[in-house]
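Undergrad: Next comes the sequence, and after it the predicted model I'd like to discuss.
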Amino acid sequence: MLLYIHGFNSSPFSDKATVTQAYIKTHFPETKMIVPQLPSSPQAAMDLLQQITEQALADGEKLCFIGSSLGGYFASWLVQHYGGRAVLVNPAVKPYELFEDYLGPQVNPYTGEHYELLPEHQQQLRQFDTPVILNPDRFLVLLQTADEVLDYRQALAKYHCCEMLLEAGGNHSFVGYGDKLDTVSRFLCLP
């Protein structure tokens, strides 16, 4: 199973998600790929991700994750707790701190969902922190230095022991992501 985990205020219809789905369908049609719409509550989002992951394990499937931004934060926790391999794209390292600037009313631009980001959501996120990466060989991290949303140096410090592709420039969406999907699929050992 390949579980693609989108970022904050994103969706399965984001550019990276759709490019990844098209690539997998073309090159790895036997791979079961799941791209869920995450609930706006971090706890509800993780509940859904755990349910999908536990079902894959029950079915005897190999675990593979691609996590973008906040999705990278979630993917790190999932790999630490369930195993598998993950590719993290400009991952969030301390999203509970970043949420301070976003508290209040939100609108997901992809889904049109209106919701409120609350302090309790910050606390929910803290419980999924992975301050130490215990199995660095399970992670490939894609970073671009001109990410306008996240400070790439936080991810560089946290994942320094992991395989990493660091590119100068770019942005939070990771410019040229589609060109990296061969590398991504090799790292995940897709069949």
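TA: Thanks, I have the structure now. Numbers count the residues shown, from 1 in each chain.
Undergrad: buried set for stretch 82-93?
TA: G84, R85, A86, V87, L88, V89, N90, P91, A92, V93 (16 or more other Cβ atoms under 10 Å). For every residue, glycine as well, the C-beta is placed using N, CA and C.
Undergrad: pLDDT averaged over stretch 106-120 - what is it?
TA: Stretch 106-120 carries an average pLDDT of 95.
Undergrad: hang on, the earlier thing: quick one: which of the buried residues of stretch 82-93 sit in strands?
TA: R85, A86, V87, L88, V89 (DSSP state E).
Undergrad: Please identify which of those residues is nearest to L49.
TA: Set against L49, the nearest of those by Cβ to Cβ is A86 (11.8 Å).
Undergrad: Looking at the ones in strands among the buried residues of stretch 82-93, spot the one nearest L190.
TA: R85 (10.0 Å).
Undergrad: where does the closest one land on pLDDT?
TA: 98.
Undergrad: Likewise for Q80?
TA: So Q80 comes in at 97 (pLDDT).
Undergrad: I'd like the distance from it to H6, if you could.
TA: Going from Q80 to H6 by Cβ to Cβ, to the nearest Å gives 20 Å.
Undergrad: could you redo the ones in strands among the buried residues of stretch 82-93 as TSV and give each row distance to E30?
TA: Below are those laid out as TSV (distance: Cβ to Cβ, whole Å):
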residue	distance to E30
R85	17
A86	20
V87	19
L88	24
V89	24
